[in-house]
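In: need a structure here:
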Amino acid sequence: MQLDRTFSALAHPARRAILSRLTRGQASVTELGEPFAMSQPAISKHLKVLELAGLVERGRDAQWRPRTLRAVPLKQVAEWLDEYRQFWDQRLARLDEYLRQIQEEEPAHE
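Out: Numbers count the residues shown, from 1 in each chain. Take a look at the predicted model:
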């Protein structure tokens, strides 16, 4: 399931940081690995996870193989989360109404 692959890919902070960096544009594996204290093969493994989840695309420009953010799976996550956002909005609205009723029923302190 696509949603499972996306959440699995997002589970690691380095992968989330890589995606964040890619929001600013294409980058090479070397550029993506610069902020991390990990080897080039480790960065490549993280990129492979992101590619398998459909979050990153590998390009080719002569010898340069830039990675690009592919946000479609993130849109699917946002849509999935939106159902829960609506649920909590409704619950909070009911709580707000309940608190208003309690305040209206309280006798005024003189």
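In: what residues sit buried inside the biggest helix by length in the chain?
Out: Counting residues, the longest helix in the chain under DSSP state H turns out to be helix 72-105. For helix 72-105, a neighbour-count test (16 or more other CB atoms under 10 Å) marks 73-74 as buried. (C-beta placed from N, C-alpha, C; glycine too.)
In: just checking, what packs against it?
Out: When contacts are defined as 3 or more CB pairs under 8 Å, 6 or more residues apart in numbering; DSSP states H and E, helix 72-105 packs onto helix 2-10.
In: so where's the protein uncertain?
Out: Scanning the chain for pLDDT under 70 picks out 62, 108-110.
In: returning to that earlier point: distance between the longest helix of the chain and the chain's centre?
Out: Computed by CA atoms, centre = their mean, to the nearest Å, the chain-centroid distance of helix 72-105 equals 20 Å.
In: give me the angle between it and helix 2-10.
Out: Using axes from the mean of the first three to the mean of the last three CA atoms, to 10 degrees, the inter-axis angle of helix 72-105 relative to helix 2-10 is 90 degrees.
In: helix or strand: which one has residue 57?
Out: Element membership for residue 57, per DSSP states H and E: strand 56-58.
In: what residues of the very next helix or strand once past that strand count as buried?
Out: Later in the chain than strand 56-58, the nearest helix or strand by DSSP H and E is strand 67-69. For strand 67-69, a neighbour-count test (16+ other CB under 10 Å) marks 67, 69 as buried.
In: and strand 67-69, what does it pack onto?
Out: Partner elements for strand 67-69 (3+ CB pairs under 8 Å, 6+ apart): helix 13-22, strand 56-58.
In: got those as CSV, with distance to residue 28 columns?
Out: Shown next, in CSV, are the helices and strands packed on strand 67-69 (distance: least, CB to CB, whole Å):
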stretch, distance to residue 28
helix 13-22, 11
strand 56-58, 11
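In: got CSV for those, with distance to residue 46 and mean neighbour count too?
Out: Listed next are the helices and strands packed on strand 67-69 as CSV, based on distance: least, CB to CB, whole Å; neighbours: other CB atoms under 10 Å:
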stretch, distance to residue 46, mean neighbour count
helix 13-22, 5, 17
strand 56-58, 9, 16
